[in-house]
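S.K.: Model the following, please.
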Amino acid sequence: MPYTPQHKAETRSRIVDAARRLFNRRGLNGVSIDEIMAEAGLTRGGFYNHFNAKDELYAEVVAGVLSCASARRQSAGDTAEAGIAHAFIAAYLSQARFDDRENSCPLMALPSDVARSGEPVKRAYAQVLDYVVGHLEEGLSGPASRRRAMAIAALCIGGMAVARAVDDAELAREVREAAEEAAFSLANWAAPRVEAAE
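M.R.: Numbers count the residues shown, from 1 in each chain. Predicted coordinates:
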């Protein structure tokens, strides 16, 4: 008996969720299709009922990130753009985000893998980056808001990527705090609290 459309959608969702966790943990090229399917509790053969290639799956993971971000943004309302952008910077470079590697933004987790990948992966990555920059730009005022938003996005993404790359917790904290301070300065906002050293 064939599977129902609901079963197929639920299975696809399980694959995407497993892939998101594994991509964030080990990188796009560090995970095989077999590993993704095992994480989802499925066999490799089922992968091709949903996707043609791993790059296509990555693009869907990214689309899921954008869908969730758009829904959160709409629920927060469009009247508080500066507040939302301010909260984005603080949350992006937070200790909680640093610790939660499996649920990270794909911008910070996969940049070197993306650079070595094909066009669908690069296109999906650019789509998320453009969303983040646009989101930040709406919260800025004054001249060159798009360029400042790009610099803030680069500070957030790069700051977290570098912090995660070092094996010294104090240095990682300093990197995140320095990136956060510079991002808030570019936005002409006061930086929030400085995290206490652990």
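S.K.: close enough to count as contact, Arg123 and Ala59?
M.R.: Yes - applying C-beta atoms under 8 Å as the test, Arg123 and Ala59 come out as touching, 7.3 Å apart. (Glycine included, C-beta is placed from N, CA and C.)
S.K.: When those two are compared, which one has more neighbours?
M.R.: Ala59 (18 against 13; other C-beta atoms under 10 Å).
S.K.: Quick check: closest non-adjacent residue to that one.
M.R.: Nearest residue to Ala59 in three dimensions, chain neighbours excluded: Ala124, at 4.1 Å (C-beta to C-beta, 6 or more residues apart in numbering).
S.K.: how many neighbours does Ala38 have?
M.R.: Ala38: 14 surrounding residues under other C-beta under 10 Å.
S.K.: next one: the one 3 residues further on
M.R.: Summarising burial for Gly41: neighbours were counted as other C-beta under 10 Å, giving 10.
S.K.: cool, Gly64 as well?
M.R.: Gly64 sits with 16 neighbouring residues when counted by other C-beta under 10 Å.
S.K.: Next, the contact list for it, please.
M.R.: Contact analysis of Gly64 by C-beta atoms under 8 Å, 6 or more residues apart in numbering lists 16, 20.
S.K.: Per-residue confidence, Ser112, what does it come out as?
M.R.: According to the prediction, Ser112 has pLDDT 77.
S.K.: again with Ser32
M.R.: pLDDT, read off for Ser32, is 95.
S.K.: Please, which helix or strand holds Ala151?
M.R.: Taking DSSP states H and E as the definition, Ala151 sits inside helix 145-165.
S.K.: Now tell me what touches that helix from outside.
M.R.: Contacts of helix 145-165 (C-beta under 8 Å, 6+ apart): 88-89, 92-93, 97-98, 101, 104-105, 107-109, 111, 129, 132-134, 136-137, 140, 142, 172-173, 175-176, 178-180, 182-183, 186-187.
S.K.: mind running it again at 6 Å?
M.R.: Helix 145-165 has contacts (C-beta atoms under 6 Å, 6 or more residues apart in numbering) with 92-93, 107-108, 132-133, 136-137, 140, 172, 175-176, 179, 182-183, 186.
S.K.: Could you check which helix or strand contains the residue nearest to Ala59?
M.R.: helix 119-138.
S.K.: Which strands and helices lie in contact with that helix?
M.R.: Judged by 3 or more C-beta pairs under 6 Å, 6 or more residues apart in numbering; DSSP states H and E, helix 119-138 is in contact with helix 54-76, helix 145-165.
S.K.: Tyr48: which of the contacts of helix 145-165 is nearest?
M.R.: Distances from Tyr48 to the contacts of helix 145-165, taken as C-beta to C-beta, are shortest for Leu107 (28.2 Å).
S.K.: what's around that closest one, how many residues?
M.R.: Neighbours of Leu107 using other C-beta under 10 Å come to 23.
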